[in-house]
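Novice: Sequence first, predicted coordinates after that:
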Amino acid sequence: MAGKQDAPTAVVVVNPDGMVSGWSEGGRLLLGWTAQDTVGRPVADLLVDPPPRGFPEGYGTGPDPTGFTALRHRDGSTVDAVLTAHPLFGPDGRAMGHAVTVQRWGRRPVVADRAFEQSPFALGVYDPELRFLWINASSGRVIAHSEEEVLGRKYREVLPEFDRTLFPERDDKPYTDKLSEVARTGEPARLITVFRPRGSDYANAWATSIWPVRDAQGRVCAIANWGFDMSAEYWARQRLLILNEASGGIGRTLDVIGTAQELARTPVPGFVDLVSVDLFDEVLRGEEPPSVSAFTSVETIRLSRAAQHGAKADADRAPGPAPPVTHTAGSVGARCMATGRSTVELTAEPGEGGEWAFGPGLAADPAHWPPGNPVIDGSIAADGLTGRITVPLRARGALLGVVSFSRLDRPEAFTADDLILAEELTAKAAVAIDNARRYSRERTTALTLQRSLLPQGLPKQEAVEVASRYLPGGTGAEVGGDWFDVIPLSGARVALVVGDVVGHGLHASASMGRLRTAVRTLADVDLPPDELLTHLDDLVLHLAGDHRPDGHFQPTGESGATCLYTVYDPVSRRLTFASAGHPLPLIVSPDGTRPPVPAHPGPPLGLGGLPFEAAELELPEGSLLALYTDGLVRSHERDVDEGITELQRVLNPSATSLEDLCDTVMDGMLLDSRTDDAALLLARTCALDPHHVADWDVEPDTAQVPHARKFAVDQVDAWGLKEAAFVTELVVSELVTNAIRYGEPPIRLRLIRDTSLICEVSDASNTAPHLRRARAFDEGGRGLLLVAQLTQGWGTRHTGNGKTIWCAQAPPSRT
């Protein structure tokens, strides 16, 4: 870098007549002329070209006292120089000429001064106490102060700190904090600040670099900085960030209202101050939205305000059903929905000549506006708006509603890029809302199917007191295949069943319905629990094969199900059960003890070829049984074992009402985060009064039939059911006779008085009787037909020791 000898400064004193009256040593170094050569000569002799008009007086007046010219060197060469003329005055104020400073033109300090002064970047220098040492014109425009107004003053003396609660957009504290940090540490720094410059209504983003200035000893003697307005790049980046947030934040749930709320929240406050989302009622119900032609001729379009979110706390839509809103014919919303095109409305003030004057945000907008935009509408200011973008909400060719993006307090005008952002946000949300609408429709269909397949009311029986609850998965979850059932069985017994089909949706609901029907059919055959599950396992295998193109099924368990089948006998107070991959029942005795269940769940249904284990328990009267699906005990917050422990804790055996206990269990067990269906079946066991059961061993001799008839008639009379004596006598006679003739001893007759009058005859033979048509001259074949006609029902159940033939008749009112 050149030293002082390479860049001398000459000082020439010129009298009012234009004659040189003073010459400095710098003049000799710069031009080669000595004082003897120049003093007394016209200053114009130093110029290569004829002097300009008013020289040198014109170089000392006006806003710019400097001038560029070519001077003669003594050796005949030309020196390009910068001249600065300063007028000289005497004590009486009379002009005494000019003092002219001369510097070589080129890489010289004056050129650097001009470069920095004219830089479009904001430049400034401060001392370590943050006093202004120098600023250029661009910096002065940013802070709305001239260099003369700020030199020597501290930053905060010139620019007091704003109250950030009142002016959050004008916060320049990060900038001053960074200046102090650089002065303290001596380390350069960079930062981006967003603030409104003094005197401006528009927020700007500034990129600033700050570095320390050190003296010859390396001490920090000043802090310099430069900055430039990067608003275009900054806001483009912010729009990308908003779109990125929308990609992960919109459509997280399969709920129409929830998705609309996600759309309303995403662009506030980074883009706009208020967003409202209006949807057709059909969309909220999961139905097909109306066609555009359906409302082009109507005066008012009715929608519902699905979501509204604003920067102010009171701007959000109140919780509850979506309130109705209307868009009258000719309104911006109605036009957007009818035409399918967005509209940008801006407020503006009339300028000179009546033209509309836009703010710098719009005037500097380089993007291309689509036809018809923007619309200048000063009337929206009455609603407190400075701008509004209205976008039709469309997906897959269907119109779902309309979205409004409004700016309230911020005065920045919308740009064409802002319109693109609003349309991108709306397009992303439209697909998510339509997905939620379609899911809502399918889920409603699946729920309707599932509820139609579940028991609408529990059957009347006296073996157990029962209560049940079923809740589908939370919002956004598909309908599952959970189910339960209560099935009255012969001999006053009852079957309690609960199961869960793997998977979700309509297929799971349909499979659940088929399994429930199959269980009822197999229960009617009165199979033991383990045998029933074996038959059910075969059925699931066949159902899975039906869904494969080749008709074969690879047993992976993915298309399987779980099931718990229990049978309770109120006469013996014994509970028999078997599980196919389902949680075992929880049992609580009347005294609060929890007896262990001596069994293990077997394999899930659908694997095939594996046995199921049956277990049996004798229960005290009043024992509490809890059958449930894993949706009740499993969640993201806890595993199954923790859930079962919690279920045991909330099961209160002393609860007087099973309905209330069901509510208590569901409230205590189900979490907001659950995603699976949950079914609960509670039962409190009853014991049949011993006086309502009578049995008699029958010798395998037809001579015993009259004695059996008399035993039955006497017992019915003792129960006060004399009107049932005739039918009972005929039924006992037929069943006992068949057992003696075709069965094997031991033979046993049992009468049970329950909700019906039950007659049972057991023997050790496994051969089951069946109805047949007797010919005219046949002596037999009419007995079972007679039994079937005189009773409500009859059947056969097989036991480990043979079979039992039973029939039931509705007892007449007690005499």
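Specialist: Arrived safely.

Novice: Counting neighbours, what do you get for residue 185?
Specialist: Around residue 185 there are 11 other residues, counting by other Cβ atoms under 10 Å. C-betas here are computed from N, CA, C, even on glycine.

Novice: Low-confidence stretches in the stretch 651-800 of the chain?
Specialist: 671-675, 770-783 (pLDDT under 70).

Novice: Show me the shaky parts of the stretch 251-400 of the chain.
Specialist: 294-298, 348-367.

Novice: Would you map out the domains in the protein?
Specialist: Domains of the chain are assigned by automatic domain parsing as 4-113, 119-229, 237-443, 456-685, 691-809.

Novice: Any idea how far apart the tips of the second one sit?
Specialist: The one in question is domain 119-229. Distance across domain 119-229, first residue to last, is 13 Å (Cα to Cα, to the nearest Å).

Novice: Chain neighbours aside, what residue packs nearest to the residue nearest to the spatial centre of the chain?
Specialist: When Cα atoms, centre = their mean is applied to the chain, the residue found nearest the centroid is residue 252 (3.7 Å). Nearest residue to residue 252, sequence neighbours excluded (Cβ to Cβ, 6 or more residues apart in numbering): residue 262, at 6.7 Å.

Novice: The one you found and residue 251 touch, don't they?
Specialist: Yes: using Cβ atoms under 8 Å, residue 262 is in contact with residue 251, at 7.2 Å.

Novice: between the two, what contacts are shared?
Specialist: Common contact partners of residue 262 and residue 251 (Cβ atoms under 8 Å, 6 or more residues apart in numbering): 429, 432.

Novice: Neighbour count: these two, which is higher?
Specialist: Neighbours were counted for residue 262 and for residue 251 using other Cβ under 10 Å; residue 262 has more, 23 against 19.

Novice: Please list all residues in contact with that one.
Specialist: 249, 250, 251, 252, 253, 429, 432.

Novice: neighbour-wise, which of those leads?
Specialist: Busiest of these [other Cβ under 10 Å] is residue 429, holding 26 neighbours.

Novice: circling back to that earlier point, mind checking how far the residue nearest to the centre of the chain is from residue 676?
Specialist: 18 Å (Cβ to Cβ, to the nearest Å).

Novice: With residue 507 instead?
Specialist: 16 Å.

Novice: Pick out whichever of those two has more residues nearby.
Specialist: Applying other Cβ under 10 Å to residue 507 and residue 676 shows that residue 676 carries more neighbours, namely 20 against 14.

Novice: sec struct for that one, please.
Specialist: Under the three-state scheme (DSSP: H, G, I helix; E, B strand; the rest coil), residue 676 adopts coil.

Novice: Excluding sequence neighbours, find me the nearest residue to it.
Specialist: Nearest to residue 676 is residue 631, by Cβ to Cβ, 6+ apart, at 3.6 Å.

Novice: In this structure that neighbour contacts residue 677, no?
Specialist: Yes: using Cβ under 8 Å, residue 631 is in contact with residue 677, at 4.9 Å.

Novice: which of those two has more neighbours?
Specialist: Remark: of residue 631 and residue 677, residue 677 carries more neighbours, 29 against 25, as counted by other Cβ under 10 Å.

Novice: in what helix or strand does residue 142 lie?
Specialist: helix 137-143 (DSSP states H and E).

Novice: Residues touching that helix, excluding its own?
Specialist: Contacts to helix 137-143, defined as Cβ under 8 Å, 6+ apart, come from residues 117-124, 135, 146-147, 150, 158-159, 197-198, 206, 227.
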